[in-house]
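Enquirer: Let me see the structure of the following:
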Amino acid sequence: MAANGANGLRFFQVKISNNQAQHLPGAIINKFFSKVEMIVGLGPEDSIPRCIARVEFSDVKSLERNDLLKDSFQIEKILLEGDGFAYVKVKTPGTIQVMIAKEEECWVVPPTFISKEGGFFMTIQGTSKGLKYARDNLVSLIPEKLEMRISKTISADWIAAPKLPERRHVVMRTAVEMGYYDTPRKCTQKDIADLLSIQQGTVAEHLQYAESIIVNSWAKQISLS
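Expert: Residues are numbered from 1 along each chain as shown. Sure thing, here's the model as predicted:
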């Protein structure tokens, strides 16, 4: 954690058991959903973090119990619903999420999820200063020993990847998370459009642009290697 910001961003992953997190507001999520997985962050609103998440459940009524989850998982909109799962737009006012959102130099990224079997698994990316803030606060929130894994500096391999405009990045990331690039494909462009509340043509444009930038960047790096 001592690397300075000039060396690039880093990330760490932390695993919190359900027993360790019993005193936190988010613990109630496991009473309604077998798993909640972050797909993409949407930025805060009124200082409360927001994201698109995939939820799994045995009772569809779990999607309607927003009153009981108001302190940790506020469902704003059901974007796509299937058999035993749904994609939802949510606010996450839980203690850990709000704590991290207060620091500009760190943020939550996938893979991040909470489940009945695996507990709470979170990936936090940021500068050395931001990650130290997150780590120190997590240790104060969870008195028992936490299982943490700290990454190397995100430098050569990560910086080689082309930077996409924010909206195109969100569309590309969502497409990957939903399985658009799997073989066989697990979703269509319309599914992505419905999830993000945008037009299918906009999804097609964003994906085509992102694919072109990524492929051309890869080709140039290969030719120089």
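Enquirer: Locate residue 194 within the secondary structure: which element?
Expert: Using DSSP states H and E, residue 194 sits within helix 189-196.
Enquirer: Please spell out which residues along that helix are buried.
Expert: 189, 191-196 (16 or more other CB atoms under 10 Å). Backbone N, C-alpha and C define where each C-beta goes, glycine included.
Enquirer: Dump it to PDB, restricted to CA.
Expert: Taking Å, rounded to 0.1, in the frame of the first residue of the first chain, the C-alpha atoms of helix 189-196 are listed here in PDB:
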ATOM      1  CA  GLN A 189     -28.300  -5.600 -28.300                       C
ATOM      2  CA  LYS A 190     -32.000  -5.000 -27.500                       C
ATOM      3  CA  ASP A 191     -31.500  -6.600 -24.100                       C
ATOM      4  CA  ILE A 192     -28.600  -4.300 -23.400                       C
ATOM      5  CA  ALA A 193     -30.600  -1.300 -24.600                       C
ATOM      6  CA  ASP A 194     -33.600  -2.200 -22.400                       C
ATOM      7  CA  LEU A 195     -31.200  -2.600 -19.400                       C
ATOM      8  CA  LEU A 196     -29.700   0.800 -19.900                       C
END
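Enquirer: what packs against that helix?
Expert: strand 74-82, helix 166-178, helix 200-224 (3 or more CB pairs under 8 Å, 6 or more residues apart in numbering; DSSP states H and E).
Enquirer: Quick check: mean pLDDT of that helix?
Expert: Taken as a whole, helix 189-196 has a mean pLDDT of 91.
Enquirer: Would you mind pulling the contact partners of that helix?
Expert: 52, 79-80, 87, 170-171, 174-175, 178, 180, 199-200, 202-204, 207 (CB atoms under 8 Å, 6 or more residues apart in numbering).
Enquirer: show me where the chain has helices.
Expert: Ranges of helices in the chain, per DSSP state H, are 95-101, 128-141, 156-159, 166-178, 189-196, 200-224.
Enquirer: which of those has the lowest average pLDDT?
Expert: helix 156-159 has the lowest average pLDDT among those, namely a mean of 37.
Enquirer: tally of neighbours for residue 56?
Expert: 17 (other CB atoms under 10 Å).
Enquirer: ok, the spatially closest residue to it that is not a sequence neighbour to residue 202 distance?
Expert: In this structure, residue 56 finds its nearest non-sequential neighbour in residue 35, 4.4 Å apart by CB to CB, 6 or more residues apart in numbering. Distance, residue 35 to residue 202, using CB to CB, to the nearest Å: 30 Å.
Enquirer: Brilliant, that's me finished.
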